[in-house]
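Asks: mind looking at a prediction? Sequence and model below.
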Amino acid sequence: MTQQQISKLLDVPDRTLRDWKKSRQRLYTLLESLEYDEAKKKINAVDIDDIIIFDPSAYSHNLFWQTNEQSEQNVYTIISNYLSSMNEQDIQKLCEQFGKNMVKNVLVDKYKKIYSKGYISTSGMDIPINGTYNQNEMYRRLNGIINDC
């Protein structure tokens, strides 16, 4: 596996992996020698683009109105939808289920996309936005909740 894959799969910061490469060489070499897909299967991990069986009963409310039962959903969509709810318990559940880094990556991607358009569209009305995504108050609040996970 590459360093990026190890970081993504194990939810370990790059800085920690660089430290492991120097001070825990055998551990790092072992991780590096593993095949990404094989390791992913062994620890039952998911990628952002994977489709999984989603159980809405694990969250405070079901944001997938199509069904109250388990359903197949995209990991990115699950994280994005529950970030939009701004429910702290649900966000903590996302961090437990998918890892803090993955949740943070979806948050950053979502806000970068909004700010790249330069406006928010609501009911046919476009509201211009200024500044950068990381200065947005909602982004900062969500980022704080994720950091506290």
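Replies: Sure, I can see it.
Asks: how near is the spatially most central residue of the chain to Tyr28?
Replies: In the chain, the centroid-proximal residue (Cα atoms, centre = their mean) is Val103; its distance is 2.1 Å. Distance of Val103 to Tyr28, given as Cβ to Cβ, to the nearest Å: 25 Å. Where you see a C-beta, it was placed from the backbone N, CA and C, and this is true even at glycine.
Asks: ditto for Ser7
Replies: In terms of Cβ to Cβ, Ser7 sits 12 Å off from Tyr28.
Asks: what touches both of these two?
Replies: Common neighbours of Ser7 and Tyr28 are listed as Leu17 (criterion: Cβ atoms under 8 Å, 6 or more residues apart in numbering).
Asks: following the top helix by length along the chain, which helix or strand shows up next?
Replies: Ranked by residue count under DSSP state H, the longest helix found in the chain is helix 100-117. Where DSSP states H and E defines the elements, the next helix or strand beyond helix 100-117 is strand 119-122.
Asks: average pLDDT across that following strand?
Replies: Strand 119-122 shows a mean pLDDT of 85.
Asks: who does that strand pair up with?
Replies: Strand pairing for strand 119-122, using DSSP bridges, gives strand 125-128 (antiparallel).
Asks: what angle separates the following helix or strand past the partner strand from helix 100-117?
Replies: Using DSSP H and E, the helix or strand that follows strand 125-128 towards the C-terminus is helix 137-147. Going by axes from the mean of the first three to the mean of the last three Cα atoms, to 10 degrees, helix 137-147 is angled at 170 degrees with respect to helix 100-117.
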